[in-house]
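Peer 1: Build me a model:
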Amino acid sequence: MTLQGSQTVAPPSSGVLTTPAALTPAATDTISADSFGPNGLIMFVVTTGTTTDVTVLDPTLTQQGYAGTVPSLVGTATGHRAVFIPRTAINYATGVASVTFSGARTGVTYYLLKV
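Peer 2: Numbering: from 1, shown residues only. Predicted coordinates:
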């Protein structure tokens with residue numbers, strides 16, 4: 001499990017473009033609540049020849065304490081895909097949101113951008 005951080009994208013008034021830093025996924029990555037923007041994050045996943053599924057875990061529990069069922073988002077073997085991660089993905093008991101990656105992670109990187 002790797003704690004990952006996000007980046008803030010510079011506004012046009014700054015006069016510069018943001019150069020995002022790629023993150024390398026582990027089987028499970030956590031994202032600190034401090035890394036979220038006021039609305040959440042955009043996760044931009046880049047694959048180069050490796051199919052990888054991404055799941056944003058839901059921290060809410062049923063009345064019996066079981067985690068909710070969440071969809072696994074299927075990526076392509078080569079391409080770019082984006083997903084919005086809302087602030088509701090943060091587990092306030094731990095202060096982090098969790099994202100899992102299944103399949104081979106060779107050639108997979110991603111970016112986290114505050115929104």
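Peer 1: use CA for all of it now, contacts and neighbours both
Peer 2: Fine.
Peer 1: Pro71 against Thr55, yeah?
Peer 2: Yes: with contacts counted by C-alpha atoms under 8 Å, Pro71 reaches Thr55, the gap being 6.5 Å.
Peer 1: Give the residue from the two that has the larger number of neighbours.
Peer 2: Neighbours were counted for Pro71 and for Thr55 using other C-alpha atoms under 10 Å; Thr55 has more, 16 against 12.
Peer 1: Spit out the contact partners of the most centrally placed residue in the chain.
Peer 2: Residue closest to the average C-alpha location in the chain (C-alpha atoms, centre = their mean): Met43, at 4.6 Å. By C-alpha atoms under 8 Å, 6 or more residues apart in numbering, Met43 lies in contact with Ala82, Val83, Phe84, Ile85, Tyr110, Tyr111, Leu112, Leu113.
Peer 1: now Ser98
Peer 2: Applying C-alpha under 8 Å, 6+ apart to Ser98 gives the contacts Thr28, Asp29, Thr30, Ile31, Val56, Leu57, Ala89, Ile90.
Peer 1: Count the neighbours of Leu17 for me.
Peer 2: Look at Leu17: counted by other C-alpha under 10 Å, it has 10 neighbours.
Peer 1: I should have written Ser6 there, sorry.
Peer 2: Using other C-alpha under 10 Å, Ser6 has 22 other residues around it.
Peer 1: Now it. Nearest residue, chain neighbours left out?
Peer 2: The shortest distance from Ser6 to any non-neighbouring residue, by C-alpha to C-alpha, 6 or more residues apart in numbering, is to Leu112 (4.6 Å).
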